[in-house]
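Visitor: sharing a sequence plus its predicted fold:
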Number of protein chains: 2
Amino acid sequence: MDQTKVFLSEKDMPRQWYNLAADMPNPPLPPLGPDGKPVSPDMLAPVFPMNLIEQEMCTDRWVDIPEEVLGLLMLWRPSPLYRAHRLEKVLGTPARIYYKNEGVSPPGSHKPNTAVPQAWYNKQFGIERLTTETGAGQWGSALAFACALLDLECKVFMVRISFDQKPFRRLMMETWGATCIPSPSPETKAGRDILEKMPDTPGSLGIAISEAIEAAVTDTTGKTRYSLGSVLNHVLLHQTIVGLETKKQLALLGEKQVDVVIGCAGGGSNFSGLAFPFVADKIAGAEIAIIPVEPTSCPTMTRAPYAYDHGDTARMTPLLPMHTLGHTFVPPPIHAGGLRYHGMAPLLSLAITEKLMEPRAYDQLKCYEAAVTWARTEGFISAPETAHAIAAVIDEANKAKEEGKEKVILFNWSGHGLMDLSGYDAYFHDKLVDYPLPEEELQKSLESIKDLPKPEDVAKSLA
Amino acid sequence: MDQTKVFLSEKDMPRQWYNLAADMPNPPLPPLGPDGKPVSPDMLAPVFPMNLIEQEMCTDRWVDIPEEVLGLLMLWRPSPLYRAHRLEKVLGTPARIYYKNEGVSPPGSHKPNTAVPQAWYNKQFGIERLTTETGAGQWGSALAFACALLDLECKVFMVRISFDQKPFRRLMMETWGATCIPSPSPETKAGRDILEKMPDTPGSLGIAISEAIEAAVTDTTGKTRYSLGSVLNHVLLHQTIVGLETKKQLALLGEKQVDVVIGCAGGGSNFSGLAFPFVADKIAGAEIAIIPVEPTSCPTMTRAPYAYDHGDTARMTPLLPMHTLGHTFVPPPIHAGGLRYHGMAPLLSLAITEKLMEPRAYDQLKCYEAAVTWARTEGFISAPETAHAIAAVIDEANKAKEEGKEKVILFNWSGHGLMDLSGYDAYFHDKLVDYPLPEEELQKSLESIKDLPKPEDVAKSLA
C-alpha cells in the first residue's frame, strides 16, 4: 500500500514566515499616494494597525510567527500533504503529483492563514472591530471565523447579489458572530450615494471595498480597522506557512526536488503562499517551473501590463505596482469569483516581471472538467478557483507522460467547493459557458490608467 | 503552547475492525423473517452481497480490513484527535475534552467509513450497481463518493422534500457520478403506487427505503444490490476504526483512562464506531460512562421498549431486536434529520439493555445553543446531529467543574454542518422551536408492534 498523505506534527510547524521581498533580484517598488509619492506608514494608519503596516513594509527574510498565533493556527494546521495516486493512475503519468489540502480549515480554504494573524495583530494593537468586504464569501467567512477566535467584532460588506444568492455563506459568518450586510448599504456615504442613483444595483466588490474602508476610517472611537484578504505583502507573508510546511513534508517523503509548482491566482495569496519558498530556491539556481493560473476571461498575468493602478474600482487605495487590467475592468461572471480581480499582488507581479514564473490562463469549462475528474479520482470536491490549478496539473502530468519524465508536480488545493456547487450544476446540465475576454472593455479600462505613474519611472526616481 | 491535536501516521492505522458481538455478556439475538424464524443468509442474498451477509452474522472479535480498503480510507483517515482547549477554558472546567474530527472526509462526515468498505465488498462480489435511500443527504453523498472511487454505478432515492430543499446535496452526489432521484418516483412499483394515491406527497425515508430495495432486488441482471448506512452489524463494525484510532491517539498523548464517551445516535453507527472499543474496556471492568445522545422528540433509547420491529415503515426488512418507537412513528421535523429514526442498531440496543450505556435525550434548542458555543470557541461548524453530542459534552464538563474532578471526556465530532445551515438561520432569528414528543402517536405506534415476537421469548426458544 502506497502512502497517500503525510501529516506534520504541531511541534514541527514552521515558526517563521518567509518574506520573498528580501530575496528579489530587484527590490519591490513602494505604493504611491495621490501625490505620486511613496505612501508613509502614517497615511495608512487610519486603515490598518501600525504593527501590520510595519509588516507590510518589512524587508526581513524571516518574520517570527507569534506563539499565540501558532496556537490558533493549530486548530487546523499543519495541513496534510497528499499524493494524488489515483489521479496519476487514471492519467497514466510518470509524474508524482502532490497537493497541499487547505480545505481542512473550519471555513474550508487557505484564507484563515492570514485572517487569524490579522485579527491577532489588530487585537494586540487595541483594535476592537474589523470591517471587510467579500464577494463570493470565502474571505468574509474566514475573517468572521478569526474574529470569533479573538473576540473581535466583525462587519462584512457582502456584494448584494452574492448576499442574495449565497445565504449559506452569510449564515457561516453569522454563526461565527459576524454581522453581514448586503452592499451597497445605507450604512455608509458610499453606499447611500450608490443606492440613490441605482437602487436595484447588484453591487460590486469595488463598492463593497469602499464601504468597508469608509466604515473603518470614520469610526470616531479609533477602535475599528479594515482587513484585506489578498494582494498585500503581509497577506502573502502569512500564507507562506503553506509552502514552508510543504517543504518539511516533502523531506519526510524523501522528495529532494520539485519540478513544477502550480496554484490558482486571483489576488495572489494562495499561490504565493505555496510558491514563494520555492521561488527562493529558483532564485538560488534550482530549476523549477512556477505556474500561477488564472481565467482567460480575467487574464491579469497573461495579458495585462505591469503598471501602477488602484487596488479598487473606487480608487480609494494607494497606487500599487502590479499586473493590472485597469481598475474599471469588470470581468465576466465566471463561477470562480475569487479570480475575478483586475489586479495582482505586487510581489507576485514583480516575480512575473523578473521571469521567475510562467503564468497561464484557462477557460471555465476546461476547469470544471478537471474538477469533476478530480472529484471522481481524489474524492474531494474543489472550489471553482482551485479547479484552475487542477486543470494545469492535468496538463503538466500529461506533458510528463509525453516526455516520459518522472517529474514532481506540486500544487495548492486551496479549498473545497461545498458552498459553491452551482457551477457544477451548470456544468452537468450543459449550461456552463466559456466567456471570451471583453477586448473592447479591456482597452477602455487600460486607457483609464495610462496617465498614472509608470513603474520604470518610479524605479529611476528612487534609484 | 499546548498541543491541540494529534495525527496518526497511515502506517499506524488499525488493520482490523472490532466486533462487539464477540464480547457481549449475552449473545445478540438474530433477525427474524416473516415466519418468525431467524433469517438465513440466503434470504438476504437478493439484497446484500454474500460477503457482507457473512460479515453481518460474524461473531469473530477482530475482522481484517482488506488492504485495498485501507488504501481508500487513507484518502482522509486516520482522522485527527483534537483537544478542545478553547471550550474547556470558556467553561472553566477541569475536564480534558477530546474529540475525533470525522468532518475531514470528502463528504464531510463519518459515513464514508462504511460506504467505502461496503462498495468494495460489493465490487469484489461482482456487483456493478448500488441503490440506497437518503433523507437529509449525508448517507447518499457518502455512498456516491464511495461508488466513484470503486467505479460502481450508484442510484440514490432521496426523500422528495429534501431533494427540493437541499439541491447542494444532490449536486454533491452528481459530482461523484451518482444518479439522485426524488422519492417517491415512477421508477418503482412502490413509488408508482404512492404517487397514484398521493401525487403531492413530500416523501419519507420509509418510502425511499422501499424503492431502493425494490430497485435492487428486481434488477434481473443480478448485478445490483442495496446498501444501508447505519443500524446493521457490519455498518457498526466498519465504524469501529474511529474508536480504535482514538485509542492509539490517546496513548500518544499519554492519556491512560477515559471517563466519559459521548456521541449522538440516530441509527447508531457513529456512536458505536467511537464507543464500542471502549465498551469492551467497560465489560472488562473499566469505569467509563458511555453516553449516546438522542433528540427528546425521537427518544428511541430513553423512552422506547426493547422489542422486535421492522427497520422500515413499509415492513420490507426482517424483524430486528432493538429499541424502537414502532415502525409507524413519524418524528417531528427537527433539523437533525439523521436522528429521526424510529429504531436503533440492535447491537447498540443490546448494550443498553445490558446497562453498559447511559442514554440521554436533549431538545433541539439546547443543541443549537451548544453548537454556536462550539463554533465560536473550537471554530468548526457542526452538523445538527453532532450538536446533540456537544450539548452532552458541555453538561458533562460543567458537572466535572461542580465536582472538581479532572475527568477525560471524549466524543465523536461526527460531521460538519456546512450543508445544513438552515437550522442555524432559524436559531439566530428566533424561529427554532422545541418539539414535544407526540405522546398519542407514540402510543399508537407502539400498539402496532405489540403482536410481534418478543426478544425474551426468542431468547428462550433459542436457548
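Guide: Received, thanks.

Visitor: got the contact list for the residue nearest to the spatial centre of chain A?
Guide: When chain A is reduced to its mean C-alpha position, the closest residue under CA atoms, centre = their mean turns out to be A:Ser269, at 3.4 Å. If a contact means CB atoms under 8 Å, 6 or more residues apart in numbering or on different chains, then A:Ser269 has A:His110, A:Thr114, A:Gly229, A:Ser230, A:Val231, A:Val235, A:Leu236, A:Gln239, A:Ala345 as its contacts. Where you see a C-beta, it was placed from the backbone N, CA and C, and this is true even at glycine.

Visitor: which bits of the stretch 301-450 of chain A sit near chain B?
Guide: Near chain B, the residues belonging to the stretch 301-450 of chain A are A:372, A:375-376, A:378-381, A:418-419, A:421-422, A:424-425, A:428 when assessed by CB under 8 Å from any CB of the partner chain.

Visitor: roughly how far apart are the residue nearest to the centre of chain A and A:Lys355?
Guide: Applying CB to CB, to the nearest Å, the value for A:Ser269 to A:Lys355 is 22 Å.

Visitor: what's the answer for A:Tyr435, then?
Guide: Separation of A:Tyr435 from A:Lys355 (CB to CB) stands at 29 Å.

Visitor: have a look at those two and say which one is more surrounded.
Guide: Using other CB atoms under 10 Å in any protein chain shown, the more surrounded residue of A:Tyr435 and A:Lys355 is A:Tyr435, with 15 against 8.

Visitor: once you drop chain neighbours, what's closest to that one?
Guide: Of all residues beyond its chain neighbours, the one nearest A:Tyr435 is A:Pro332 (3.5 Å), with distances taken as CB to CB, 6 or more residues apart in numbering or on different chains.

Visitor: cool, and A:Leu350?
Guide: Excluding the flanking residues, the one nearest A:Leu350 by CB to CB, 6+ apart is A:Pro28, at 5.6 Å.

Visitor: burial check on that neighbour, number of neighbours?
Guide: If you count neighbours by other CB under 10 Å, A:Pro28 ends up with 17.

Visitor: and the pLDDT at it?
Guide: In the predicted model, A:Pro28 carries a pLDDT score of 96.

Visitor: and if you look at A:Met1?
Guide: pLDDT, the model's per-residue confidence, is 67 for A:Met1.

Visitor: report pLDDT for the spatially closest residue to A:Pro318 that is not a sequence neighbour.
Guide: When the adjacent residues along the chain are set aside, A:Pro318 lies closest to A:Pro31, with 4.0 Å between them (CB to CB, 6+ apart). What the model reports for A:Pro31 is a pLDDT of 97.

Visitor: over to the one 4 residues further on?
Guide: Confidence per residue is given as pLDDT, and for A:Asp35 that number is 91.

Visitor: burial count for it?
Guide: A:Asp35 has 7 neighbours, counted by other CB under 10 Å.

Visitor: cool, the one 5 residues further on as well?
Guide: Close neighbours of A:Ser40, defined as other CB under 10 Å, add up to 12.

Visitor: please tell me how far A:Pro331 sits from B:Val90.
Guide: As for A:Pro331, its distance to B:Val90 is 43 Å (criterion: CB to CB).

Visitor: ramachandran coordinates for A:Cys180?
Guide: Note on A:Cys180: backbone dihedrals following degrees, to the nearest 10 are phi -120, psi 120.

Visitor: that one and A:Gly140 touch, don't they?
Guide: Yes - checked against CB atoms under 8 Å, the pair A:Cys180 and A:Gly140 is within contact range at 6.7 Å.

Visitor: overlap in contacts of these two?
Guide: What both A:Cys180 and A:Gly140 touch, as defined by CB under 8 Å, 6+ apart, is the set A:Val156, A:Met158, A:Met173.

Visitor: would you mind listing the buried residues in the longest helix seen in chain A?
Guide: Across chain A, the longest stretch assigned as helix under DSSP state H is helix A:384-403. Neighbour-count burial for helix A:384-403 flags A:384-397, A:400-401 (criterion: 16 or more other CB atoms under 10 Å in any protein chain shown).

Visitor: could you dump that helix to CSV, C-alpha only?
Guide: Presented in CSV, the C-alpha positions along helix A:384-403 are these (Å, rounded to 0.1, in the frame of the first residue of the first chain):
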residue,chain,number,x,y,z
PRO,A,384,-14.1,26.7,-8.7
GLU,A,385,-10.9,28.7,-8.2
THR,A,386,-8.9,25.6,-7.2
ALA,A,387,-10.2,23.9,-10.4
HIS,A,388,-8.0,26.2,-12.4
ALA,A,389,-4.9,24.8,-10.7
ILE,A,390,-6.2,21.2,-11.3
ALA,A,391,-6.5,21.9,-15.0
ALA,A,392,-2.9,23.0,-15.1
VAL,A,393,-1.8,20.0,-13.1
ILE,A,394,-3.5,17.6,-15.5
ASP,A,395,-1.8,19.3,-18.5
GLU,A,396,1.6,19.1,-16.8
ALA,A,397,1.0,15.5,-15.9
ASN,A,398,0.1,14.7,-19.5
LYS,A,399,3.2,16.6,-20.7
ALA,A,400,5.4,14.5,-18.4
LYS,A,401,3.8,11.4,-19.9
GLU,A,402,4.5,12.6,-23.4
GLU,A,403,8.1,13.4,-22.4
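
Visitor: sounds good, over and out.
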